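J.: Need coordinates for the below:
(chains A and B)
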Amino acid sequence: MRYGLFLGCNVPAVRPDVERAMRLTMPRLGAELVDLEGSACCPAFGTFPSADEIASLAVSAWNFSIAEERGVELVTECGSCYSSLRIARKKLLEDGEKRDAVNGLLARAGRSFRGTVVVRHIIDVLYNDIGTDRIAAEIEFPLKGLAATVQYPCHTLFPSEVVGFDFPSGRPRMLRELVEALGGSVRAYSRDLQCCGGAGGFVKGSFASASEFAFGKIRAMTDETDAGIIVVSCITCLEHLDRMQNELRRKEGGDRRQLAVFDYSQLLAVCMGFDPAEVASISVIPREGAIARIRGAEGPAPSPA
Amino acid sequence: MPDLTNTRADLWRDIVGECGDIRHCFNCSTCVAGCPAAEGAPPLFIRNLVRKVLLGLEDELLEDETPWLCVTCSACEEMCPMGVHPFEVCLAIRRWQARNDETFIPASVAEVFETGHTQPVGGVGERRRAVGLEEVPPTIARFPGLLEKFREMLRGTDIVRDNDYMFKG
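T.: From the prediction side, this is the model:
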């Protein structure tokens, strides 16, 4: 199994510990990751897709041409990258006029879009290509029933016709089963299919209401479950649920418990025994307690009480 | 009450060309029911935007900033019973606004042109080194020659040609 690792912008710049976790865990699971040298922004929905459709498709096709040249399927963790690339691929394959216009632009850079590219999300690859049995077999430090909630990335669910791999889209299960493969217990809660609210222009354009939207989700997780961690598989969910828990504490001024947020690859890497300082070191809500619980005596010493 | 004396009847053609057929919308509000940004202030009500387009309320639409609140989750796209593709409508309206009023063009468009990214991917070496990674990832941030080709590609697009003062490099 070989895949082209599409990094996008946020993972390599803001949370490179997620990149590190993917680069360490995937080969251990038999999935070789090759670099897509020269890949750019997907482009994010708030950039070219909001200004010029052909330019937007050209940026996606730039990225496709690199994966096609390497002859590998493209895999990404970022939900927005995944969705933007899937939508662009569909438009390029279905609309000859747009494809011709885009190939005309690519020619200016000596590239071309052939249409062979395959765009995958990392949950899809982990679940369908690698499988939960293989993952369970590689775990050195199982979660031993540690209670978790999961955040399904909206961009991997809707529109299911374009991005879907987990069916039905209204009742996804792959991320839950992947966490269970690590020995975790996944708790249901009332808003578990609500998106995190962190993508697009909501937070920037209407901060107070966007915060309330996220608070509703966070309150549901903390009030309705005994979960100790949140597991996500999208850089935006990771950053937003992490940041918004602090915003909620600031607003409430109370002692609502806070849940450490892990990208799935980070949790997987911790369970496989990789160095937490490399694979799970950047966060707002401290993750040391959760990591110590998973790694026991092997993990970093809990700070003295 | 909107002013219906000053409308452009064929406005929908500018939008419809780039997404699903909005003429199928019967205002059922499913797109609003599942929309996070419908809780915004002001709220994003896609069904209202569709009405504005169909009624040809060009001036009102050009002053409406709610399409930019969209979180891009695409739940509306999944749920719309009429195949209108509300998320695509939202992006198509943003593009129409950007074509008709350059102040709508997001600054991040120029950023992607200039650096290939929306984040300082090439400028966080210390953070990357601390987690055992190369200081600059093997994206376009590492290859100035490829970045120049990327820009050359984009110089052929309408957005860059029509607004060249925004795009440096």
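J.: which residues of chain B score low on pLDDT?
T.: B:18 (pLDDT under 70).
J.: again, only using 80
T.: Where chain B drops to pLDDT under 80, the residues are B:1-2, B:16-20, B:169.
J.: so after the helix ranked longest in chain B, what's the next helix or strand?
T.: Across chain B, the helix with the greatest residue count (assigned by DSSP state H) is helix B:86-100. Using DSSP states H and E, the helix or strand that directly follows helix B:86-100 along the chain is helix B:107-115.
J.: and the angle from the longest helix of chain B to helix B:107-115?
T.: 80 degrees (axes from the mean of the first three to the mean of the last three Cα atoms, to 10 degrees).
J.: hmm, stretch B:146-163 in reach of chain A?
T.: Yes - Stretch B:146-163 lies within reach of chain A by Cβ under 8 Å from any Cβ of the partner chain, at B:146, B:149-150, B:152-160. Backbone N, C-alpha and C define where each C-beta goes, glycine included.
J.: tell me the contacts of the most centrally placed residue in chain B?
T.: By Cα atoms, centre = their mean, the mean C-alpha position of chain B lies nearest to B:Leu91, the distance being 4.3 Å. Going by Cβ atoms under 8 Å, 6 or more residues apart in numbering or on different chains, B:Leu91 touches A:45, A:49-50, B:18-19, B:67, B:70.
J.: Ramachandran angles for A:Leu93?
T.: phi -80, psi -30 (degrees, to the nearest 10).
J.: Excluding sequence neighbours, find me the nearest residue to residue 128.
T.: Here I'm looking at chain A. Distances taken as Cβ to Cβ, 6 or more residues apart in numbering or on different chains put A:Phe165 closest to A:Asn128, at 7.0 Å, once the chain neighbours are dropped.
J.: Can you look at chain B instead?
T.: A:Pro16 (4.6 Å).
J.: how about the one you found, what does it touch?
T.: A:282, B:124, B:127-128, B:131, B:133, B:137.
J.: between the residues you listed, which has the most around it?
T.: Among these, B:Pro137 has the most neighbours (other Cβ atoms under 10 Å in any protein chain shown), with 24 neighbours.
J.: Could I get the phi/psi values of the spatially closest residue to that one that is not a sequence neighbour?
T.: Excluding its sequence neighbours, the residue lying closest to B:Pro137 (Cβ to Cβ, 6+ apart) is A:Pro12, at 4.3 Å. Main-chain dihedrals, A:Pro12, degrees, to the nearest 10: phi -70, psi -30.
J.: show me what contacts A:Pro12?
T.: A:19, B:119, B:121, B:124, B:128, B:137, B:139, B:141.
J.: likewise A:Glu73?
T.: A:2-4, A:67, A:117-120 are the contacts of A:Glu73 under Cβ under 8 Å, 6+ apart.
J.: Now do the strands in chain B.
T.: Here chain B has no strands by DSSP state E.
J.: For the one residue in the stretch 201-305 of chain A that gets nearest to chain B, report the pLDDT, please.
T.: Chain B sits closest to A:Ser206 of the stretch 201-305 of chain A, with a gap of 3.8 Å, by Cβ to the nearest Cβ. pLDDT recorded at A:Ser206 is 94.
J.: And it, how far from A:Asp242?
T.: Separation of A:Ser206 from A:Asp242 (Cβ to Cβ, to the nearest Å) stands at 20 Å.
J.: What of A:Gln266?
T.: The value you get for A:Gln266 to A:Asp242, if Cβ to Cβ is used, is 12 Å.
J.: In chain B, which residue sits furthest out from the middle?
T.: B:Gly132 (35.7 Å).
J.: Leaving out sequence neighbours, find the closest residue to that one.
T.: A:Glu278 (4.5 Å).
J.: So the one you found belongs to a helix, correct?
T.: Yes - assessed with DSSP: H, G, I helix; E, B strand; the rest coil, A:Glu278 lies in a helix.
J.: Any idea how many residues pack against it?
T.: 18.
J.: so it makes contact with A:Asp17?
T.: Yes - with contacts counted by Cβ atoms under 8 Å, A:Glu278 reaches A:Asp17, the gap being 6.7 Å.
J.: Find residues that contact each of those two.
T.: With Cβ under 8 Å, 6+ apart, A:Glu278 and A:Asp17 have common neighbours B:Val131.
J.: Three-state assignment for A:Val75, please.
T.: Applying three-state DSSP: A:Val75 is strand.
J.: For it, give me its contacts.
T.: So, once contact is read as Cβ under 8 Å, 6+ apart, A:Val75 ends up touching A:3-6, A:33, A:120-122, A:125.
J.: ok, of the residues you listed, which come out buried?
T.: Using 16 or more other Cβ atoms under 10 Å in any protein chain shown as the burial test, the contacts of A:Val75 include A:3-6, A:33, A:120-122, A:125 as buried.
J.: Fine by me, we can end here.
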